[in-house]
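Enquirer: Build me a model:
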Amino acid sequence: MLLEVASEEEGVRLDVFVGRHAAGSRSQAALLIDAGKVTVDGMARAKSFRLEAGQAVRLEGAEEGAPDPDAGELLAEDIPVWVPYQDEWLLVVDKPAGMVVHPAKGHRSGTLVNALAGRGISGGEDFRPGIVHRLDRDTSGLMMVAKSPAVHRRLQEMIRGREVDRRYLALVHGDLANPTGTIEAPIGRDPIRRKTMTVGGSGSRSAVTHFRALERLGDFTLIEARLETGRTHQIRVHFLAIGHPVAGDPVYARRDPLGLGRQFLHSHSLRLSHPRTGEELSVQSELPAELERILGALRRA
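Expert: Presented below is the predicted three-dimensional model:
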């Protein structure tokens, strides 16, 4: 979506402008700006940037499963989801692969948000109740969900302040040269494949992924990745950039010799200080059975 700043809107903040014309709210606009999905005359700008008349503001198309504030009334559905942790302030869900997080075009029902609405969760904005961070449709594992707007804001602050330890298990192509390492490379929108991300793309923002090799399995390596930042498709893009794409990834690996039908990527660990009590909160999730079967076959081979 491309918008031109009218003369009467000169001096308006970028987040106000995007919220008014495209995002549905100023807070949703801020999320899109922080995610690098908004540019002004081709450049990424802060949400407080003051616009000038005639400038072109581009909002990248919504990704698969991104929140849609125009989706209409949210449908509360009785969808079973595993909840390994819950208290009066927040919960942690274990999202299965194949489940979209937010209602969007083509996914008005059957999403995690529909399931949360069925549980009466109301933190955050109306069209994304409680969602603090998201996982791609075919990435499984742990996600935090707030039960009140105040806890929602605090958890987002903690993620931005790098106070939440998020770890993923991934099977990547090839034999990693180093047992541990850090990938530090900015990620932005791919200028050619507009629905994907790339290192050094449009509106690039810093991105840091730490990793350690857990098991070498012939032509593949099982790794644990720890996110220091949370850019769109960060693990998938970073490992592609170093020549070790995530196995089964239909977008970035573009091949699936193991017949996975999904990327081998699972959010298996969350650790943080509880936003209200300050107590250490640690939640773990085992690999889904279909991924364990792949590892078993590789070990036998």
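Enquirer: For the rest of this, base every contact and every neighbour count on C-alpha atoms.
Expert: Will do.
Enquirer: is it true that Glu88 touches Lys147?
Expert: Yes. Glu88 lies in contact with Lys147 (Cα atoms under 8 Å); the separation is 7.3 Å.
Enquirer: who's more crowded, these two?
Expert: Using other Cα atoms under 10 Å as the criterion, Glu88 and Lys147 rank with Lys147 on top: 22 against 8.
Enquirer: how near is that one to Trp89?
Expert: 5 Å (Cα to Cα, to the nearest Å).
Enquirer: so where is this protein shaky, pLDDT-wise?
Expert: Flagging of the chain using pLDDT under 70 yields the residue ranges 1, 7-8, 23-24, 61-74, 104-107, 122-129.
Enquirer: what ranges do the helices span in it?
Expert: For the chain, the helices defined by DSSP state H cover 14-18, 26-34, 112-118, 149-160, 234-241, 289-300.
Enquirer: elements contacting the shortest one?
Expert: Just to be clear, that refers to helix 14-18. Counting contacts by 3 or more Cα pairs under 8 Å, 6 or more residues apart in numbering; DSSP states H and E, helix 14-18 is packed against helix 26-34.
Enquirer: export the helix it packs on as CSV, just CAs?
Expert: Extracted C-alpha coordinates of helix 26-34, given in CSV (Å, rounded to 0.1, in the frame of the first residue of the first chain):
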residue,chain,number,x,y,z
ARG,A,26,-1.8,4.0,16.4
SER,A,27,-0.5,1.1,18.5
GLN,A,28,-0.9,-1.3,15.6
ALA,A,29,0.9,1.2,13.4
ALA,A,30,3.8,1.3,15.9
LEU,A,31,4.1,-2.5,15.7
LEU,A,32,4.3,-2.4,11.9
ILE,A,33,6.9,0.4,12.0
ASP,A,34,9.0,-1.5,14.6
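Enquirer: What residues of it count as buried?
Expert: Under the neighbour-count criterion of 16 or more other Cα atoms under 10 Å, helix 26-34 has 26-30, 32-34 buried.
Enquirer: Kindly present those residues as CSV, with separate columns for distance to Arg231.
Expert: Formatted as CSV, the buried residues of helix 26-34 follow (distance: Cα to Cα, whole Å):
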residue, distance to Arg231
Arg26, 20
Ser27, 18
Gln28, 16
Ala29, 16
Ala30, 15
Leu32, 11
Ile33, 12
Asp34, 9
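Enquirer: Kindly indicate which of those residues lies nearest Leu222.
Expert: Asp34 (30.8 Å; Cα to Cα).
Enquirer: Figure out the length between the terminal residues of stretch 131-139.
Expert: By Cα to Cα, the extent of stretch 131-139 from end to end equals 16 Å.
Enquirer: From the chain's centroid, how far away is that stretch?
Expert: Here stretch 131-139 shows a centroid-to-chain-centroid distance of 5 Å under the convention Cα atoms, centre = their mean, to the nearest Å.
Enquirer: Buried residues, it. List them.
Expert: Buried-residue list, stretch 131-139, by 16+ other Cα under 10 Å: 131-132, 134-139.
Enquirer: among the residues you listed, which two are most distant?
Expert: It's Val132 and Asp138 that sit farthest apart of those, by Cα to Cα, at 18.2 Å.
Enquirer: would you list every one of the strands in the stretch 101-250 of the chain?
Expert: Assigned strands in the stretch 101-250 of the chain, in chain order: 140-146, 165-173, 180-184, 187-189, 197-199, 202-205, 208-217, 220-227 (criterion: DSSP state E, counting those that start in this stretch).
Enquirer: Save these as JSON lines, and put in distance to His268 and mean neighbour count too.
Expert: Shown next, in JSON lines, are the strands of the stretch 101-250 of the chain (distance: least, Cα to Cα, whole Å; neighbours: other Cα atoms under 10 Å):
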{"stretch": "strand 140-146", "distance to His268": "6", "mean neighbour count": "25"}
{"stretch": "strand 165-173", "distance to His268": "5", "mean neighbour count": "23"}
{"stretch": "strand 180-184", "distance to His268": "18", "mean neighbour count": "14"}
{"stretch": "strand 187-189", "distance to His268": "23", "mean neighbour count": "24"}
{"stretch": "strand 197-199", "distance to His268": "23", "mean neighbour count": "24"}
{"stretch": "strand 202-205", "distance to His268": "25", "mean neighbour count": "21"}
{"stretch": "strand 208-217", "distance to His268": "14", "mean neighbour count": "18"}
{"stretch": "strand 220-227", "distance to His268": "9", "mean neighbour count": "22"}
